[in-house]
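Prediction below, plus the sequence it came from.
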Amino acid sequence: MYYLSYRPQRIDEIDNVAVRERIRSILDSGKIPHAILFTGPKGTGKTSTARIVAKSINCLNNRKAAQKGKIPEPCNACKECKAITEGVSLDVVEVDAASNRRIDDIRELIASTKYAPASGVKKIYIIDEVHMLTMEAFNALLKTLEEPPAHVLFMLATTELE
């Protein structure tokens with residue numbers, strides 16, 4: 001649990017400078033892609049970075065700034081930021097693809113994408129270890145991944161780029 005105490009909570013705390021600058025660039029543009037892929041070796045902060053991006057997008061205190069085209073750092077104080085940090089946000093769904101790798105698991109996820117966010121701007125699905133999905137499950141996800149509803153953002157984390 002040592003790693004949980006020191007997990008970055010803000011963009012400026014991300015260790016990798018290139019990743020930090022790219023995330024800032026995407027958020028500053030105000031043009032959030034419908035899917036983001038995080039790759040790298042185990043322990044490099046892929047899922048932590050995805051959570052920070054989710055907080056930046058859904059932060060209740062960022063709404064006015066986001067309307068002007070820029071999405072700043074998450075405040076980490078509003079109820080949405082706290083819920084994401086605690087892993088209890090209704091608008092940020094984390095899926096461990098190593099454990100939920102079957103086609104039925106993905107069909108359930110796809111069915112849930114039709115629901116609008118409860119309090120955030122986007123309904124965000126963080127799929128960790130996405131390379132562990134079965135071929136059938138990934139094929140089922142592909143259509144939704146390519147053309148998700150406007151209120152949905154997918155963030156995929158994997159150690160295997162291919």
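Alright, I've got the coordinates.

Assign a three-state SS to L153, would you?
Following DSSP: H, G, I helix; E, B strand; the rest coil, the label given to L153 is strand.

Could you pull out the strands in this protein for me?
Secondary structure of the chain (DSSP state E): strands located at 35-39, 92-96, 123-128, 152-158.

what about the longest one, average pLDDT?
Looking back up the chat, that one is strand 152-158. Strand 152-158 shows an average pLDDT of 98 in the prediction.

Give the other helices and strands that it contacts.
Judged by 3 or more Cβ pairs under 8 Å, 6 or more residues apart in numbering; DSSP states H and E, strand 152-158 is in contact with strand 35-39, helix 46-58, strand 123-128. Every C-beta, even on glycine, is put in place using the N, C-alpha and C of the backbone.

what pLDDT does the closest residue to K55 other than its chain neighbours get?
Once flanking residues are discounted, K55 sits nearest to P74: 3.5 Å by Cβ to Cβ, 6 or more residues apart in numbering. The model reports P74 with a pLDDT of 95.

Roughly how far does P74 sit from V92?
Distance, P74 to V92, by Cβ to Cβ, to the nearest Å: 12 Å.

ditto for F38
For F38 relative to V92 (Cβ to Cβ), the value is 15 Å.

dump the residue contacts of A77.
Under the criterion of Cβ atoms under 8 Å, 6 or more residues apart in numbering, the neighbours of A77 are N61.

If I look at it, what pLDDT would I see?
Looking at A77, its pLDDT reads 95.

about what we covered before: would you mind telling me which of F38 and V92 has the busier surroundings?
Neighbours per residue, other Cβ atoms under 10 Å: of F38 and V92, the larger number sits with V92, 25 against 22.

Beta-bridge partners for the more buried one, please?
Listed beta-bridge partners, V92: I124 (assigned using DSSP bridges).

so it makes contact with R51?
Yes. When contacts are counted by Cβ atoms under 8 Å, V92 is listed as touching R51 (7.4 Å).
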